[in-house]
Structures are given as structure tokens and as C-alpha cells.
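Trainee: Sequence first, then the predicted structure, then my questions.
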Amino acid sequence: MGDMAPAGHDLADLLAAVSRGEQVAFSRLYDATAPRVHGLVLRVLTDPAQSEEVTQEVFLEIWRTATKFDPSRGSALGWLLTIAHRRAVDRVRASSAARARDATYERQATPTSYDSTAETVTARLDAERVRGAMALLTDMQREAVELAYFGGRTHTEVAETLGIPLGTAKSRIRDGLNRLRDHIGGDR
């Protein structure tokens with residue numbers, strides 16, 4: 001029975017030696033505890049490849065932080081398994097977050113399919129409605145609306161172009177838009 005894992009106090013002694021940088025002690029600690037650590041990680045992650053990675057990360061952390069082990073606060077094995085459990089849970093959370101990010105990206109990056117023929121037909125019908133509605137405007141309203149909305153001019157520029165007061169230009173544009181809305185809105 002000489003190959004059995006060292007007793008708790010022996011693990012604490014090994015951790016103390018590891019904290020002093022003793023590689024042989026680390027090797028013995030690894031040999032004595034790796035199966036338990038890996039088993040715990042595997043139960044949390046269920047993925048063998050990730051479990052092996054996390055187990056290695058756990059032992060790297062143990063090598064780096066062995067000085068933090070305090071035997072008065074718990075057993076050496078308990079300390080090792082706590083590190084292992086935290087690392088495994090962190091990996092589960094990171095994997096879940098990555099999957100959520102990937103799913104969100106996929107939703108946002110995938111263009112919404114649409115029927116371009118239907119879109120073209122709708123745009124043509126809308127243009128015909130607007131042309132028909134524009135024909136119902138008075139010449140003064142049509143001229144003011146065309147300058148403002150098709151010509152991209154401001155109300156002030158429309159007034160100056162037509163040689164009318166600003167208030168009159170605004171009224172013609174407003175009245176013209178109201179007539180357009182009434183006509184186009186009634187057809188839909």
C-alpha cells in the first residue's frame with residue numbers, strides 16, 4: 001500500500017515544500033492528487049479535453065500560490081479541491097458567456113432575408129401614390145413641397161427662391177404635406 005495518496009498532514013508538508021519552490025515536492029503532490037482534482041473538474045465540466053486543460057491550470061495555480069495555503073483554515077486536499085472547483089465553474093461560466101456572445105453575434109450578423117421583388121413592387125406602388133397625390137396639390141403647394149423635400153431646401157431657401165414671405169412658404173409646405181398625407185393615407 002505504498003502507492004496510496006499521502007495522508008492530510010503529508011499533503012500539507014508537500015504544499016509547504018512547494019511554496020519554497022521544491023519541484024520534487026510538486027511532482028509528488030501532483031502524483032498524489034491529480035486523479036482527485038481531475039475527477040472533480042471532469043464532474044463539473046463533463047468535457048474530457050476541457051477538464052484536462054483546467055486540471056493543468058489548477059496545478060499551475062497551486063504552484064504559483066502554494067504560499068497562500070494556511071493549514072489552520074482547512075486541509076490541504078480541501079484547499080486543492082476548492083481551487084479546482086472554482087476553476088471548473090469559471091470555465092463553465094466562460095463557455096456559457098462565449099456561447100451567448102456567439103449566438104448574439106450570429107443573430108445580429110445574419111442578414112434578415114426579404115423578398116426583393118416584393119420590396120421593389122412596394123417601392124414602385126409608393127412612388128405612384130406620391131406622384132398621384134402630388135398632382136392633387138395646387139401649383140403653389142407642389143412647387144414649395146418639391147423645393148423643400150425633393151430639392152432639399154430649407155423653408156427660408158424655399159421662400160427666397162419663390163420670392164414669398166417665410167410664413168407663406170411654411171404654410172404652402174404644411175398645407176401641401178397635409179393634402180399628401182390625406183390622399184396617401186386614405187389609399188393604404
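Mentor: Received, thanks. Residues are numbered from 1 along each chain as shown.
Trainee: so which strand or helix has Arg129?
Mentor: Element membership for Arg129, per DSSP states H and E: helix 116-135.
Trainee: no no, Glu52
Mentor: helix 48-65.
Trainee: contact partners of that helix?
Mentor: With contacts defined as C-beta atoms under 8 Å, 6 or more residues apart in numbering, helix 48-65 is touched by 15, 18, 26, 29-30, 34, 37-38, 41-42, 45, 80, 83-84, 87-88, 91, 95. (C-beta placed from N, C-alpha, C; glycine too.)
Trainee: do that again at 10 Å, thanks
Mentor: Contact with helix 48-65 is made by 15, 18-19, 21, 23, 26, 29-30, 33-35, 37-45, 47, 68-69, 76, 79-81, 83-92, 95, as judged by C-beta atoms under 10 Å, 6 or more residues apart in numbering.
Trainee: go on, stretch 82-89?
Mentor: With contact meaning C-beta under 10 Å, 6+ apart, stretch 82-89 is reached by 33, 36-45, 50-51, 53-55, 57-62, 65, 68-69, 74.
Trainee: How much space separates the most far-flung residue of the chain relative to its centre from Val145?
Mentor: Most distant from the centre of the chain: Gly163, at 55.1 Å, with distances by C-alpha atoms, centre = their mean. For Gly163, the distance to Val145 (C-beta to C-beta, to the nearest Å) stands at 17 Å.
Trainee: ok, back up a step: any quick PyMOL command for the buried ones out of the contacts of stretch 82-89?
Mentor: Filtering the contacts of stretch 82-89 down to the buried ones (16 or more other C-beta atoms under 10 Å) takes a single PyMOL command:
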select buried, resi 33+37+38+40+41+42+44+45+50+51+54+55+57+58+59+61+62+69
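Trainee: looking at this structure, which helix or strand is least sure?
Mentor: helix 116-135 (a mean of 77; mean pLDDT, DSSP states H and E).
Trainee: Next SSE downstream of it?
Mentor: helix 139-145.
Trainee: Quick check: buried residues in the helix or strand just after that following helix?
Mentor: Counting by DSSP H and E, the element after helix 139-145 in chain order, helix or strand, is helix 155-162. Across helix 155-162, burial judged by 16+ other C-beta under 10 Å covers 155, 158-159.
Trainee: Can you name every helix or strand that the helix or strand just after helix 155-162 contacts?
Mentor: Note on helix 155-162: by DSSP H and E, the next helix or strand toward the C-terminus is helix 166-187. Counting contacts by 3 or more C-beta pairs under 10 Å, 6 or more residues apart in numbering; DSSP states H and E, helix 166-187 packs against helix 116-135, helix 139-145, helix 155-162.
Trainee: remind me, longest helix of the protein?
Mentor: For the chain, the longest helix by residue count, based on DSSP state H, is helix 76-109.
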